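*Asks:* Quick one, fold the following:
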Amino acid sequence: MELTVLAVPDCPNVAVLQQRLAEVLADWPGVTLQWRVIADVAEAVRWRMHGSPTLLVNGHDPFAQAGSSPALACRMYRAEDGSLDGVPSVAALRQALEQAIAA
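*Replies:* Residues are numbered from 1 along each chain as shown. Now for the predicted structure:
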């Protein structure tokens, strides 16, 4: 499994995503994790980044909303309780990886 994190320079949510991914990836030691800085709209379009940070699992964004467009803006994720957060929860990240493994 290959994970790629896409983020704009100085994204304030990258550190939180990094912490949450470290917790989740402790269960999957063989997973490859890459970090890519996206600096312009053309790159956001090419990488299909729907805001920063975006996690791609095997090249696919498991948190993409239907009809969303590539963006260089901050991204918001819906938490289990309905609130908004700047990154997916640990549980949501774990579920995305489990679904990718099952596919």
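
*Asks:* Which residue would you name as the spatial centre of the chain?
*Replies:* Most central in the chain under Cα atoms, centre = their mean is Leu55, positioned 2.0 Å from the mean C-alpha point.

*Asks:* Does that one have any beta-bridge partners, and if so which?
*Replies:* Val5 (DSSP bridges).

*Asks:* ok now do it, which residues does it touch?
*Replies:* If you count contacts by Cβ atoms under 8 Å, 6 or more residues apart in numbering, Leu55 has them with 3-6, 17, 21, 61-63, 88, 93, 96. Backbone N, C-alpha and C define where each C-beta goes, glycine included.

*Asks:* Leaving out chain neighbours, which residue sits closest to Pro12?
*Replies:* Leaving aside its chain neighbours, Pro12 sits nearest to Gly86 (7.1 Å; criterion: Cβ to Cβ, 6 or more residues apart in numbering).

*Asks:* where's that neighbour relative to Ala15, distance?
*Replies:* Distance of Gly86 to Ala15, given as Cβ to Cβ, to the nearest Å: 10 Å.
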